[in-house]
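# have a look; sequence and predicted model below, questions after that.
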Amino acid sequence: MRKSTTTTRRSFLGQAGAGGLALVSGSAWADTTVELPLPGGPRERALTTAFPQKATMILQRTRPPLLETPFEVFDRGVFTPNDQFYVRWHWAVIPTEIDVASFRLSVSGHVDKPLSLTLNDIVDGLPRVELAAVNQCSGNSRGFSQPSVAGAQWANGAMGNARWMGVRLKDVLDRAGVKPGALQARFAGLDQPVVDGAPKFMKSLALDHARDGEVMIAYAMNGEQLPLLNGFPLRLVVPGWYSTYWVKMLDRIEVLATPDENFWTKNAYLIPDTPGADMTPGQAGVKMVPINRMVPRSFVTNLKDGATIKAGAATALRGIAFGGAAGVKSVDISLDNGVNWRPTMLGSDEGKYSFRQWQTDITPPAGAVTVMVRCTNSDGLAQPKTMNWNPTGFMHNAIESLHLTAA
Ligand SMILES: Nc1nc2c(c(=O)[nH]1)N[C@H]1C(S)=C(S)[C@@H](COP(=O)(O)O)O[C@H]1N2
Ligand SMILES: [Mo]
């Protein structure tokens, strides 16, 4: 889907900043609710349509905006629509409009030639790349932690899949000329802390990773400009890695010759260095490391937990899966608590970092039936049967179970 340069600029950046956007328009939320039963939490959540460029979302927090994708959206297709793509910010000072003419992306630090790039330099001046990839918050599904942990009580909707379009981070770094001895690239956006002295949100990647040719600076998702709340006009896309690294409203890249000591890289987003980032509540002396590659997950999307289906007749089951840092090798289901598994049929392959649909059917006799669904990725990593635990509720990916009644 290559477009001419003029069309590209118009469609991805043209309407940018026009008029400005109130981050919350009026008080139009909380008039409807959705059932989102979490252990120890409220059964219901407010739905909101009050945020710019967003349709119905589950309201987790208003300032900063934390909006969850209603789960039924994932049944509609393998790409998550921009207007229902989840939203997460750390600080509430977020620009409500961006002047595309004066916007600059700076590249500084341990480079031969510091850069100050306009959006046109990026859109027209560098090779365009496109990649489908899942953006998932480290804390997706945190609300299911037991014992419960602090932080946004996400159910399973702090994730989404899009076709990202932009330029390779490597091409931008090459243009600046990274000097020998550089270790990391650090990324920051236009959002600011709400209190003086609080640490600005920044994340760093090892330079080899930053230059792997896959990490992107995206200016479009699903064929449109990025919604403001998803990082307009530019965001980092780090395929296969948790979204904490996918810095939004990206306007600053610094190449560092010494390890990044900033709070968000050094002290936040750490996981236990154990299989599945699993530990025991209260366990002492656990080595912590920065969160990194995603792990496989799979979900049923066409039936809800507790649904009744017809006994003795074929019932279609379908859902989505993703492999994390590798492609989906198989999605299997079990009707006997994980003793026997059988493969499902996989839908079209949109690339190894994308959601992939799966489908099958089941014909259970009358009675209760529990369907377990398990993804194995092409590295051979499969979802575990029991949920991991850590104090920040990161990296949940246990096998999901759906309880049905056949009658
Ligand atoms: N500039 C900026 N980028 C950011 C963040 C932020 O607070 N500020 N949060 C990160 C985290 S933790 C997540 S989960 C994703 C969420 O991306 P989304 O809002 O587009 O879904 O943005 C990431 N990028
Ligand atoms: Mo996140």
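Arrived safely, thanks for sending. Ligands and ions are numbered 1, 2, ... in the order given.
# report the contact partners of the nearest residue to residue 308 once chain neighbours are set aside.
Once flanking residues are discounted, residue 308 sits nearest to residue 405: 4.7 Å by CB to CB, 6 or more residues apart in numbering. Bear in mind the C-beta positions are built from the backbone N, C-alpha and C, glycine included. Counting by CB atoms under 8 Å, 6 or more residues apart in numbering, residue 405 touches 306, 307, 308, 309, 367, 368, 369.
# same question for residue 132.
79, 161, 162, 163, 164, 350, 351, 353, 354.
# now narrow those residues to whatever sits close to ligand 1.
Here nothing survives when the contacts of residue 132 are matched to ligand 1 using CB under 6 Å from any ligand atom.
# which one of those residues is nearest to residue 330?
Nearest to residue 330, judged by CB to CB, of these is residue 354 at 15.7 Å.
# the closest one: how many residues sit nearby?
For residue 354, the number of neighbouring residues by other CB atoms under 10 Å comes to 23.
# tell me the residues of the protein that contact ligand 2?
137, 138, 244 (CB under 5 Å from the ion).
# which among the residues you listed gets closest to residue 216?
residue 244 (16.2 Å).
# wait, what's in contact with that closest one?
Listed by CB under 8 Å, 6+ apart, the contact partners of residue 244 are 137, 138, 203, 264, 269, 291.
# from the contacts of residue 132, which would you call buried?
79, 161, 162, 163, 164, 350, 353, 354 (16 or more other CB atoms under 10 Å).
# tell me which residue of the stretch 151-300 of the chain lies closest to ligand 1.
residue 189 (3.0 Å; CB to the nearest ligand atom).
# so the closest residue in space to that residue that isn't next to it in sequence versus residue 229, what's the distance?
Leaving out its chain neighbours, the residue that sits closest to residue 189 by CB to CB, 6+ apart is residue 249, at 3.7 Å. Separation of residue 249 from residue 229 (CB to CB, to the nearest Å): 10 Å.
# those two: who's more crowded?
A direct count of neighbours by other CB under 10 Å for residue 249 and residue 229 places residue 229 higher, at 25 against 22.
# check what pLDDT the closest residue to the more buried one other than its chain neighbours gets.
Using CB to CB, 6+ apart and skipping the chain neighbours, the partner closest in space to residue 229 is residue 87 (4.5 Å). pLDDT recorded at residue 87 is 98.
# and for residue 16?
For residue 16, the model assigns a pLDDT of 47.
# ditto for residue 2
pLDDT at residue 2 comes out at 35.
# again, but for residue 110
98.
# can you check residue 19 too?
40.
# separation between the residue in the stretch 51-200 of the chain positioned nearest to ligand 2 and residue 86?
In the stretch 51-200 of the chain, the residue that lies nearest ligand 2 is residue 137 (3.4 Å; CB to the ion). From residue 137 across to residue 86, the span is 7 Å (CB to CB).
# same deal with residue 348?
The value you get for residue 348 to residue 86, if CB to CB is used, is 24 Å.
# ok, the two, which is more surrounded?
residue 86 (27 against 8).
# I'd guessed that one sits against residue 67; true?
Yes: look at residue 86 against residue 67 with CB atoms under 8 Å: they come within range, at 5.9 Å.
# which residues are in contact with each of residue 249 and residue 229?
Joint contacts of residue 249 and residue 229 (CB under 8 Å, 6+ apart) are residue 94.
# sorry, back to before: between residue 137 and residue 86, what contacts are shared?
158, 159.
# on that earlier part again, so the residue nearest to residue 229 sits right up against residue 51, yeah?
Yes: with contact defined as CB under 8 Å, residue 87 reaches residue 51; the gap is 7.3 Å.
# domain ranges for the chain?
1-268, 297-406 (automatic domain parsing).
# next, count neighbours for the closest residue to ligand 2 within the stretch 301-407 of the chain.
In the stretch 301-407 of the chain, the residue found nearest to ligand 2 is residue 394; the distance is 9.0 Å by CB to the ion. Number of residues near residue 394 (other CB under 10 Å) recorded here: 24.
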